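Visitor: Got a sequence here, can you model it:
(chains A and B)
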There are 2 protein chains.
Amino acid sequence: MEKVNVYEKLSTFSDYWSPKIVGEMSDWHVKLVKLKGEFLWHLHENEDEMFMVIKGRLVIKLRTEDIVLNEGELFIIPKGTEHMPVAEDEVHVMLIEPKTTLNTGNVKNERTKEHLEEI
Amino acid sequence: MEKVNVYEKLSTFSDYWSPKIVGEMSDWHVKLVKLKGEFLWHLHENEDEMFMVIKGRLVIKLRTEDIVLNEGELFIIPKGTEHMPVAEDEVHVMLIEPKTTLNTGNVKNERTKEHLEEI
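Guide: Residues are numbered from 1 along each chain as shown, chains lettered A, B, ... in the order given. Model prediction:
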């Protein structure tokens, strides 16, 4: 059984908006992702989703407010809640979400990642 | 909806081996806990459990090996796996585990926490 060093894992890739799987527990995945720029408005019909900022600053836009996350801050987006992540500069994020979670949620387009790499 | 700053939340309590709930997603809890000293050998029959070290150094003893976790390192203990956390000095930990998870697992004694505080 292996531990995961999130800093080390984050140093192994540089692409944005492409979550990598680093662990699993029951039907949930632990993922790491680098974000920069704007994503798209979407929601996850059935999945709550946790964002935790490892490095940098992330804004999670909701329809009602902006949630600003700095290092050591986490936010759980309840299922059914429209959101759009925005990163002015590069941000490193840990995601914890059900294995069924698609990055673009209810939207499918060229940014959708159907198959995630395990690192 | 509120974000959670783990450093700020950790500054609000000082007792050891008493996990506090800081978030929930579906049937899972996000908890923070401070550990110091030895816990006890136990296992969780039905729950995978994630430990992530926020500050300090934690040893998770397994029957087969010791897993040493420093800041930014996480480890998922599969259900059914005997383990004993040991912290030589104070360590701050984030736990992510099903809501059904009891801190002492299959053991019930004076260290068992039946009802966890939400902070």
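
Visitor: all contacts plus neighbour counts: C-alpha atoms, from now on.
Guide: Noted.

Visitor: so the residue nearest the centre of chain A bridges to which residues?
Guide: Centroid-nearest residue in chain A, with Cα atoms, centre = their mean: residue A:95, separated by 4.5 Å. Legend: beta-bridge partners of residue A:95 under DSSP bridges are residue A:31, residue A:51.

Visitor: Let me see the contact set for it.
Guide: Going by Cα atoms under 8 Å, 6 or more residues apart in numbering or on different chains, residue A:95 touches A:29-33, A:49-52.

Visitor: Tell me the most packed of these, by neighbour count.
Guide: residue A:32 (29 neighbours; other Cα atoms under 10 Å in any protein chain shown).

Visitor: right, and residue A:37 touches residue A:60 too?
Guide: No - Residue A:37 lies out of contact with residue A:60 (Cα atoms under 8 Å); the separation is 11.8 Å.

Visitor: Common neighbours of the two, please.
Guide: residue A:86.

Visitor: Which one of those two is surrounded by more residues?
Guide: The residue with more neighbours, out of residue A:37 and residue A:60, is residue A:60; 21 against 14, by other Cα under 10 Å.

Visitor: Excluding chain neighbours, what is closest to the more buried one?
Guide: Spatial nearest neighbour of residue A:60, chain neighbours left out: residue A:85 (4.4 Å); criterion: Cα to Cα, 6 or more residues apart in numbering or on different chains.

Visitor: Quick one: classify the one you found as helix, strand or coil.
Guide: Secondary structure, DSSP: H, G, I helix; E, B strand; the rest coil: residue A:85 is strand.

Visitor: tell me, how many neighbours does it end up with?
Guide: Neighbour tally, residue A:85, other Cα under 10 Å: 21.

Visitor: so how many other residues sit close to residue A:68?
Guide: 17.

Visitor: Check the gap between it and chain B for me.
Guide: Relative to chain B, residue A:68 is positioned 8 Å away (Cα to the nearest Cα, to the nearest Å).

Visitor: quick one: contacts for the closest residue to residue A:73 other than its chain neighbours?
Guide: Leaving aside its sequence neighbours, residue A:73 sits nearest to residue B:5 (Cα to Cα, 6+ apart; 4.3 Å). Counting by Cα under 8 Å, 6+ apart, residue B:5 touches A:72-74.

Visitor: Just the ones of those residues in strands?
Guide: Of those, the ones assigned to strands by DSSP state E are A:73-74.

Visitor: doesn't residue A:40 make contact with the residue nearest to residue A:60?
Guide: Yes - counting by Cα under 8 Å, residue A:40 is a contact partner of residue A:85 at 7.4 Å.

Visitor: doesn't residue A:8 fall inside a helix?
Guide: Yes - assessed with three-state DSSP, residue A:8 lies in a helix.
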